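> give me coordinates for this.
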Amino acid sequence: MTTICADQVAPRTQGWAAPVAMAATVFTVVTAELMPVGLLTPIGSALHVSEGTAGLTLTVTGVVSALAAPVLPLLLGKLDRRSVLVGLMALLGAAGLLAALAPGFGLLAAARVLMGISLGGVWLLTVGLAPRIVPPHAVGPATSLIFSGIGIASVLGIPAGAYVGELIGWRWAFAAVGLLSIVLSVALAFLLPPLPAAAAVKVGDVLAVLKIKQVRVGLALVALVVTGHFSAYTYVRPLLEKLAGISPTLIGSLLLAYGVAGVFGNFLTGSMRPARAMTFIAAGVAAASLVMPFLGTTLTGALILLLVWGLAYGGTSVSTQAWGHAAAPSAPEASSAVLVGVYNGSIALGAFTGGQVADHVGTTTVTWLPALLATAALIVVLTNRRQRG
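Below you'll find the model as predicted:
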């Protein structure tokens, strides 16, 4: 999830090296955040914890990221944002290596806390970066390039983590993310121009946007859809293994199919008005998760429903960001700061809630949560007419 930092314009670089490096950075942070999704079963087995407890590795990262994103602008002061990005990626690298070496769940959770700090900060600085590193005529394409990292992570990063975990062990997947993060921290130091800071978002600015009804509606939609999605998606590997009897070797392929559908969904909803996009997203997630226990009991059925689910959910990030900007066009930084906090907090809440259901009721029942919450989101957006298009 993304937000904008209110920084002044810095000298722009020539060429596309900096945007490519930032696209790789976005790819890496998304992959790092969601890595446990494809590795939940082997992590739980290796560390002798339940699936619900293993899912807390996603919860803790979401909570810390949700807190870090709105708090960091108050702490960074006038630090050059290039230096901050370099430091945050180095921290992500150290956290990835620590996770790979963790002998028990406690140290793995600590590594995920460090990842959450890094993720919150990177998202904080990324969206407003393109106008500062490329000429004006290239801002649009550079922005698209940078955030293509989100879709690529869904298509390649998470399935690759699952494949690596199956072939040589889940620790190597975390180690690979750690090493890539360190390489990128060095690349950013050389490829980004100086990025001096201006005034950060103030607490009063955040409180002001919360008074806008459409902002509050957008935050409610984020909370419902994202919480519902991650309450089941976090446990998609054990869900598929138990519901449809799918072997671990096929999990990566199914996650790859989900990611491809998500990329298409991102472009599809990106062409819609925010409310229409959110209607499509909520309806698709609700429908796919509702019928999953009945039609997802075979490989074919599970594949089709994952494609529908990915197509629907794929545009959530861009659509919720567009909703926030439409609701508060004069305060994009403050509205985005609130949005990123709620978004990442919802990831944490969804992973935690789904884990409780998986542990106490059964993994195959977790899809009822997104069915319920996405339906509630659909009702909210259909009863809200102001931003309908």
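> run the chain-centre distance for the longest helix anywhere in the chain.
Counting residues, the longest helix in the chain under DSSP state H turns out to be helix 17-47. Here helix 17-47 is found 10 Å from its chain centre; the criterion is C-alpha atoms, centre = their mean, to the nearest Å.
> list the buried ones in the helix or strand hosting residue 217?
Taking DSSP states H and E as the criterion, residue 217 maps to helix 213-233. Neighbour counts over helix 213-233 (16 or more other C-beta atoms under 10 Å) mark 214-215, 217-233 as buried. To be clear about C-beta, it is placed using only N, CA and C from the backbone, and glycine gets the same treatment.
> and the next helix or strand past the longest helix of the chain?
helix 51-54.
> quick one: mean pLDDT for that next one?
Mean pLDDT, helix 51-54: 84.
> tell me what it is packed against?
helix 17-47, helix 332-360 (3 or more C-beta pairs under 8 Å, 6 or more residues apart in numbering; DSSP states H and E).
> list the buried ones in the longest one?
Neighbour-count burial for helix 17-47, counted by 16+ other C-beta under 10 Å, picks out 18-44, 46-47.
> how about the last one?
The neighbour-count check on helix 332-360 (16+ other C-beta under 10 Å) flags 332-355, 357-358 as buried.
> where does the prediction get shaky in the stretch 151-300 of the chain?
Along the stretch 151-300 of the chain, the model assigns pLDDT under 70 to residues 151, 154, 197-203, 205.
> thinking again about what came up before, quick one, the longest helix of the chain and helix 213-233 angle?
50 degrees (axes from the mean of the first three to the mean of the last three C-alpha atoms, to 10 degrees).
> which of the helices and strands packed on helix 51-54 sits closest to residue 254?
helix 17-47 (9.8 Å; C-beta to C-beta).
> now the strands for the stretch 51-200 of the chain?
Shown for the stretch 51-200 of the chain, no strands are assigned by DSSP state E, counting those that start in this stretch.
> where do the helices sit along it?
51-54, 56-76, 81-101, 105-126, 130-133, 139-152, 158-167, 170-191 (DSSP state H, counting those that start in this stretch).
> and residue 230, how far is that from residue 55?
Applying C-beta to C-beta, to the nearest Å, one obtains 9 Å for the distance of residue 230 from residue 55.
> what's the overlap in contacts for these two?
Jointly contacting residue 230 and residue 55 under the rule C-beta atoms under 8 Å, 6 or more residues apart in numbering are 351, 354.
> okay, now the nearest residue to residue 43 once chain neighbours are set aside: neighbour count?
If the residues on either side of it in the chain are set aside, residue 43 comes closest to residue 54, at 4.8 Å by C-beta to C-beta, 6 or more residues apart in numbering. Residues lying near residue 54 (other C-beta atoms under 10 Å) number 27.
> cool, and the one 3 residues further on?
With neighbours defined by other C-beta under 10 Å, the count for residue 57 comes to 27.
> I figured it hits residue 112, correct?
Yes. Between residue 57 and residue 112 there is a contact at 5.0 Å, judged by C-beta atoms under 8 Å.
> mind listing what residue 121 touches?
Residue 121 neighbours (C-beta under 8 Å, 6+ apart): 68-69, 72, 84-85, 88.
> please redo it, this time with the cut-off set to 10 Å
5, 29, 65, 68-69, 71-73, 75-76, 81, 84-85, 87-89, 91-92 (C-beta atoms under 10 Å, 6 or more residues apart in numbering).
> from those residues, list just the buried residues.
5, 29, 65, 68-69, 71-73, 76, 81, 84-85, 87-89, 91-92.
> ok, now which ones touch residue 150?
Contacts of residue 150 by C-beta under 10 Å, 6+ apart are 1-2, 23, 26-27, 29-30, 157, 262-263, 266, 314, 317-318.
> buried ones in stretch 373-383?
Judged by neighbour count (16+ other C-beta under 10 Å), stretch 373-383 contains these buried residues: 373-378, 380-381.
> circling back: okay, the helices of the stretch 51-200 of the chain in CSV with distance to residue 366 next?
CSV is the format used below for these (distance: least, C-beta to C-beta, whole Å):
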stretch, distance to residue 366
helix 51-54, 10
helix 56-76, 13
helix 81-101, 24
helix 105-126, 21
helix 130-133, 37
helix 139-152, 24
helix 158-167, 18
helix 170-191, 21
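> which among those is found nearest to residue 258?
Comparing those by C-beta to C-beta, helix 158-167 comes nearest, at 8.4 Å.
> who does that closest one touch, helix- and strand-wise?
The contact analysis (3 or more C-beta pairs under 10 Å, 6 or more residues apart in numbering; DSSP states H and E) places helix 158-167 against helix 17-47, helix 170-191, helix 236-243, helix 248-270.
> nearest to residue 289, of those helices?
Per C-beta to C-beta, nearest to residue 289 of the helices and strands packed on helix 158-167: helix 236-243, 10.4 Å.
> list the buried residues of that closest one.
Quick answer for helix 236-243 (16+ other C-beta under 10 Å): 236-241, 243.
> what is the nearest of those to residue 123?
After measuring those against residue 123 - C-beta to C-beta - the closest member comes out as residue 236, at 23.0 Å.
> and the gap between the closest one and residue 42?
Distance from residue 236 to residue 42, by C-beta to C-beta: 14 Å.
> repeat that for residue 364.
Applying C-beta to C-beta to residue 364 and residue 42 gives a distance of 20 Å.
> what residues are shared contacts of residue 57 and residue 112?
35-36, 99.
> I'd like the helices and strands packed on helix 158-167 laid out as a markdown table, including distance to residue 207.
Listed next are the helices and strands packed on helix 158-167 as a markdown table, based on distance: least, C-beta to C-beta, whole Å:
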| stretch | distance to residue 207 |
| --- | --- |
| helix 17-47 | 28 |
| helix 170-191 | 33 |
| helix 236-243 | 37 |
| helix 248-270 | 30 |
